[in-house]
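*Asks:* coordinates only, no sequence provided:
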């Protein structure tokens, strides 16, 4: 089931009490107006929205957000001119000597409703509140006037959204019931242990909404990433791993590209290149949440009668493997000769195991050499056997475990051999690297396509380094994995 | 019945006990209409609210029956206009004896008392001018 476009906390905030006031702050272009409309769409009844604007005419507005027409009818788009506002508050001289009270707020709302349709349960957006305050030039009394509007809203049970272009904290923050701040944030690759490669210097832009204050509501998260794709506000909740459903196989994109089985990814890169390295890099904080993404690719290839071999990354084996194995043509490769599988279980903690392993590396490197030799032989035999069952074999290789066990040089050798096989067989090769690996920079130079999995405030994202793409949010439902661009 | 008449009827029946929201329900009208009328009533002195705790309770301001004078209707109209134009909370005209001729005042101000006070102040003022020979 599709969740709402706004954070669930915002919806709960407006459901908590009938007359809530929310201050929406952010620099120009951060999506405040579209966010306010998205709130109206989810919270307000039909034809009960009123938009008091200091800048937009109905034509302009409907062009920007045509989907708001049935919530905010044309008559309810009120043009806020200085003249209109001064009619309410009188001259500057009168303003200076008069305190703002419930009566002032009442007069202000009378002006808002004057030419609008009658509404039983109105919800009002003032965009922007800064501009209104500037018109009447009452900086010192801005909080008092806002307070009087809030009191009226509480009393009559009318939700109010005040849009402000002042992202800094002001007295208004204390007066209203809720404050959110919208901003653009630069997302950069991680620098790990001083290791920097060129991609870490470039960045992707993400949009973020921060829930600064929401009276009466528990915040599950303090901030969310969102997109304004197709002129809609859509926030991204934390990624929850779904069981990958059995999907209809998607055939090859063209002669040189297999479908990834993820339509959105195919649209971005035109499918997975045959005879080249498709590299997926996993950043810290992602954990194992990238696995369903690769599962869907593997399942699609398998459904198209391609044998799929997976040499898993560290920690990537899970109970879910059993499910995957049921799909015909997907094989997990765990070499019996691979030292890690046999010894790991003997140690109560992973730290003790890793300490032991370091000692082996230093003092008995011949054991590892032997293990490497045997496991390479074992893998070659495994591929040969599979070749008898399948006309073509796609390899998925997790390089991190291999690098830990056998070092950088051997990892690059393994990859080089796999690339040669992929070129020779004109088949898909997928490799997974993790941040912190020493071979990352070299491996990225060998890749035909290179994508990075990234965690931003609990949500899962992916972006392309080769080809360069914007940030995409990863979500999944009964239709499988979806990618939504952060625009 | 017009919206205005419905709101006045609800105000009359409630006798100063209804908040804005309760008045909306009582009158059975759209919230926006009630707010518009209440704002207009307040500006014209026809109705006003009193702060009671955290709520504002609405009541009608009934013109006081004073001496029947020629042109009383005209006078009432002028007073209402003055209240609206000058944004006053109330306004009254009293005769030399201190009896109110026309008055639109908040509920807690008795027109007779205000009239008596106004006449007294006026008399004191006149006396002072006479004594100081300021003409």
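*Replies:* Received it, and whenever you're ready, just let me know what you need. None of these values were measured; they are calculated from a predicted model. Numbers count the residues shown, from 1 in each chain, chains lettered A, B, ... in the order given.

*Asks:* please make it C-alpha for all contacts and neighbour counts, starting now.
*Replies:* Will do.

*Asks:* can you give me the distance of the residue nearest the centre of chain B to residue B:4?
*Replies:* Compute the mean C-alpha point of chain B, and by CA atoms, centre = their mean the closest residue is residue B:104, 2.9 Å away. To residue B:4, residue B:104 is 19 Å away according to CA to CA, to the nearest Å.

*Asks:* equivalent analysis for residue B:47, please.
*Replies:* Residue B:47 is 12 Å from residue B:4, by CA to CA.

*Asks:* residues of chain B that sit close to chain A?
*Replies:* Listed as neighbours of chain A in chain B under the rule CA under 8 Å from any CA of the partner chain: B:19, B:20, B:21, B:29, B:30, B:31, B:32, B:33, B:35, B:36, B:39, B:55.

*Asks:* what about residue B:47 and residue B:4, which has more around it?
*Replies:* A count of neighbours by other CA atoms under 10 Å in any protein chain shown puts residue B:47 above the other of residue B:47 and residue B:4, at 24 against 15.

*Asks:* show me what residue of the stretch 251-400 of chain A gets nearest to chain B.
*Replies:* Of all residues in the stretch 251-400 of chain A, residue A:264 sits closest to chain B, at 46.4 Å by CA to the nearest CA.

*Asks:* ok, now the stretch 201-350 of chain A?
*Replies:* Relative to chain B, the nearest point of the stretch 201-350 of chain A is residue A:215 (18.5 Å; CA to the nearest CA).

*Asks:* skipping its backbone neighbours, what lies nearest that residue in space?
*Replies:* residue A:177 (5.4 Å; CA to CA, 6 or more residues apart in numbering or on different chains).

*Asks:* which helix in the chain runs the most residues?
*Replies:* Assuming you mean chain A. helix A:399-425 (DSSP state H).

*Asks:* chain B was what I was after
*Replies:* If you go by DSSP H, chain B has its longest helix at helix B:111-131.

*Asks:* buried residues in that helix?
*Replies:* By neighbour count with 16 or more other CA atoms under 10 Å in any protein chain shown, helix B:111-131 contains the buried residues B:111, B:112, B:114, B:115, B:116, B:118, B:119.

*Asks:* what is that helix packed up against?
*Replies:* Applying 3 or more CA pairs under 8 Å, 6 or more residues apart in numbering or on different chains; DSSP states H and E, one finds that helix B:111-131 contacts strand B:91-94, strand B:100-104.

*Asks:* how close does residue B:99 sit to chain A?
*Replies:* Per CA to the nearest CA, to the nearest Å, residue B:99 is found 31 Å from chain A.

*Asks:* about what we covered before: rebuild the helices and strands packed on helix B:111-131 as JSON lines, extending it with mean pLDDT.
*Replies:* As requested, the helices and strands packed on helix B:111-131 are exported to JSON lines (pLDDT from 0 to 100):
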{"stretch": "strand B:91-94", "mean pLDDT": "87"}
{"stretch": "strand B:100-104", "mean pLDDT": "83"}
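
*Asks:* from those strands, which stretch is densest packed?
*Replies:* Neighbour counts (mean count of other CA atoms under 10 Å in any protein chain shown) averaged over each of the helices and strands packed on helix B:111-131 peak at strand B:100-104, with a mean of 24.

*Asks:* you'd agree residue B:7 is up against residue B:27?
*Replies:* Yes. Counting by CA atoms under 8 Å, residue B:7 sits close enough to residue B:27 to count as a contact (5.7 Å).

*Asks:* quick check: the residue of the stretch 251-400 of chain A closest to chain B touching residue A:479?
*Replies:* No. Look at residue A:264 against residue A:479 with CA under 8 Å: they stay out of range, at 11.7 Å.

*Asks:* can you check the pLDDT for residue B:55?
*Replies:* On pLDDT, residue B:55 comes in at 84.

*Asks:* show me what contacts it?
*Replies:* Taking CA atoms under 8 Å, 6 or more residues apart in numbering or on different chains, we find residue B:55 in contact with A:155, B:19.

*Asks:* what do you get for residue A:147?
*Replies:* Each residue near residue A:147 by CA under 8 Å, 6+ apart is listed here: A:175, A:176.

*Asks:* okay, helices next: where are they in the stretch 351-487 of chain A?
*Replies:* In chain order, the stretch 351-487 of chain A shows helices spanning A:365-389, A:399-425, A:440-446, with DSSP state H, counting those that start in this stretch as the criterion.

*Asks:* could you dump the ones you listed into TSV and include distance to residue A:60?
*Replies:* Below are those laid out as TSV (distance: least, CA to CA, whole Å):
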stretch	distance to residue A:60
helix A:365-389	62
helix A:399-425	53
helix A:440-446	46
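
*Asks:* which of those helices has the lowest average pLDDT?
*Replies:* Looking across the helices of the stretch 351-487 of chain A, the weakest by mean pLDDT turns out to be helix A:365-389, at a mean of 82.

*Asks:* what packs against it?
*Replies:* helix A:399-425.

*Asks:* what comes up buried for the helix it packs on?
*Replies:* Buried residues in helix A:399-425, defined by neighbour count with 16+ other CA under 10 Å: A:399-406, A:408, A:411-412, A:414-415, A:418-419, A:421-423.

*Asks:* try stretch A:17-26
*Replies:* In stretch A:17-26, counting by 16+ other CA under 10 Å, buried: A:18, A:19, A:20, A:21, A:22, A:23, A:24, A:25, A:26.

*Asks:* are we agreed that the second one is in a strand?
*Replies:* No. Under the criterion used here (DSSP: H, G, I helix; E, B strand; the rest coil), residue A:19 is coil, not part of a strand.

*Asks:* and stretch A:254-272, how far from the chain's centre?
*Replies:* Its chain's C-alpha centre and that of stretch A:254-272 lie 21 Å apart, by CA atoms, centre = their mean, to the nearest Å.

*Asks:* okay, now the domains of chain A?
*Replies:* The record's domain parsing of chain A by automatic domain parsing lists A:8-236, A:257-485.

*Asks:* kindly check the end-to-end length of the first one for me.
*Replies:* The one in question is domain A:8-236. 11 Å.

*Asks:* and that domain, how far from the chain's centre?
*Replies:* For domain A:8-236, the distance to the chain centre is 24 Å (CA atoms, centre = their mean).

*Asks:* same thing with stretch A:413-425?
*Replies:* 33 Å.

*Asks:* what's next to it, contact-wise?
*Replies:* A:274, A:275, A:276, A:277, A:392, A:394, A:395, A:428, A:429.

*Asks:* still on that earlier bit, distance to residue A:73 added to the helices and strands packed on helix B:111-131, as CSV?
*Replies:* Shown next, in CSV, are those (distance: least, CA to CA, whole Å):
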stretch, distance to residue A:73
strand B:91-94, 41
strand B:100-104, 40
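
*Asks:* figure out which of these is closest to residue A:295.
*Replies:* strand B:100-104 (79.7 Å; CA to CA).

*Asks:* tell me the strands beside the closest one, with direction?
*Replies:* Applying DSSP bridges, strand B:100-104 is found paired with strand B:91-94 (antiparallel).
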